[in-house]
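Chemist: I'd like to go over a predicted model; first the sequence, then the structure.
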Amino acid sequence: MSLLKLEQVRFAFPGWPPTVDGAELDVAQGAFHCLVGRSGCGKTTLLKLAAGLLEPQQGRVVFHGTPQDIGFVFQSPNLLEWLRVIDNVLLPVTLHHRPDAQERERALRLLEQLGLAAHAQKYPRQLSGGQQSRVALARALILQPSLLLLDEPFAALDAITREELQRDLLAMARGSGATVLFVTHDIAEAVFLADRVDVVEDGRIAQEIAVTLPRHDAQVRYGTEFARLCAQVRAALHLEGAAA
Ligand SMILES: Nc1ncnc2c1ncn2[C@@H]1O[C@H](COP(=O)(O)OP(=O)(O)OP(=O)(O)O)[C@@H](O)[C@H]1O
């Protein structure tokens, strides 16, 4: 069943040519899609349209849920410096009501799953970049979203931390049953995470590449099928040296 659909969506910032034009996207419930494309091709704008943060001028965005069912993680963790880690995670709840014991327990469980149980009472500045990204992920998951939108959340991290977070994200997504739309520049990251890579070009999805690799297996990165899929994405992006 489709959870999110973009139908012939067109969007232009005032006074500029369209950033998104004729975008078609169908994200099935439980799917994990990565949007990959060159800088400026419209990935973030597509994500914001999907989140309802921008309104299409033509076409429509159909999401089977409410805005509360959407979790958003940005490239920078955007934590509130004056709140402890646990209270940052609980922020989406606090915007509605005072968190109850059950919600605090849930926040602690999320932090525990992300290896941050010992840091719950710290302030963001006392955490590393990777730990801050994990807090941002926990905050996006606190309301148990059915759709998780991530905009290059690991771009600023070192390769080792990044791999750890990719693994954690896959586990959390699978555990929660959330549907994920993940923007990245990194072809290997996209092929590792996604069950479908959507290649974005000129504000629309130019190609959809299905990925059928075993999930949760870090070893797939060294296999021939992984290399073949990366080459396919490179070719779709018209990158130099890509196989025809
Ligand atoms: N507020 C704005 N006003 C005018 N143009 C904008 C605005 N925001 C983005 N754009 C333009 O829209 C285009 C697409 O931007 P978008 O951020 O969606 O691209 P992107 O693919 O996410 O890029 P990147 O990979 O570099 O983050 C770019 O040319 C950008 O300059």
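Modeler: Yes, it's here. Numbering: from 1, shown residues only.
Chemist: The ligand contacts on the chain?
Modeler: Residues of the chain lying close to the ligand (CB under 6 Å from any ligand atom) are 13, 16, 19, 37, 39, 40, 41, 42, 43, 44, 45, 185. Using the backbone N, CA and C atoms, a C-beta is placed for each residue, glycine as well.
Chemist: Walking through this structure, point out its strands one by one.
Modeler: 2-11, 20-28, 32-37, 58-63, 70-73, 147-151, 179-184, 196-201, 204-210 (DSSP state E).
Chemist: Need the ones you listed in CSV (columns: mean pLDDT and mean neighbour count).
Modeler: Listed next are the strands of the chain as CSV, based on pLDDT from 0 to 100; neighbours: other CB atoms under 10 Å:
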stretch, mean pLDDT, mean neighbour count
strand 2-11, 96, 19
strand 20-28, 96, 19
strand 32-37, 96, 25
strand 58-63, 96, 15
strand 70-73, 91, 22
strand 147-151, 95, 23
strand 179-184, 96, 24
strand 196-201, 96, 22
strand 204-210, 95, 16
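Chemist: about what we covered before: farthest pair within the residues of the chain next to the ligand?
Modeler: 16 and 185 (22.3 Å; CB to CB).
Chemist: who's more crowded, those two?
Modeler: The residue with more neighbours, out of residue 16 and residue 185, is residue 185; 13 against 7, by other CB atoms under 10 Å.
Chemist: if you skip the residues just before and after it, what's nearest to residue 233?
Modeler: Leaving aside its chain neighbours, residue 233 sits nearest to residue 187 (4.9 Å; criterion: CB to CB, 6 or more residues apart in numbering).
Chemist: ditto for residue 191
Modeler: residue 229 (4.7 Å).
Chemist: and that neighbour, what does it touch?
Modeler: Counting by CB atoms under 8 Å, 6 or more residues apart in numbering, residue 229 makes contact with 191, 197, 209, 211, 213.
Chemist: any idea how far it lies from the ligand?
Modeler: 21 Å (CB to the nearest ligand atom, to the nearest Å).
Chemist: do residue 60 as well
Modeler: Here residue 60 is placed at a distance of 19 Å from the ligand (CB to the nearest ligand atom).
Chemist: can you check residue 157 too?
Modeler: With distances taken as CB to the nearest ligand atom, residue 157 is found 16 Å from the ligand.
Chemist: Contacts only, for residue 52.
Modeler: By CB under 8 Å, 6+ apart, residue 52 lies in contact with 61, 63, 67, 70.
Chemist: Check residue 24 too.
Modeler: By CB under 8 Å, 6+ apart, residue 24 lies in contact with 6, 7, 8, 9, 204, 205.
Chemist: let's see 10 Å
Modeler: Each residue near residue 24 by CB atoms under 10 Å, 6 or more residues apart in numbering is listed here: 5, 6, 7, 8, 9, 59, 204, 205, 208.
Chemist: Pass me the low-pLDDT residue ranges in the chain, would you?
Modeler: 216, 241-244 (pLDDT under 70).
Chemist: Grab the most central residue of it for me.
Modeler: residue 150 (2.2 Å; CA atoms, centre = their mean).
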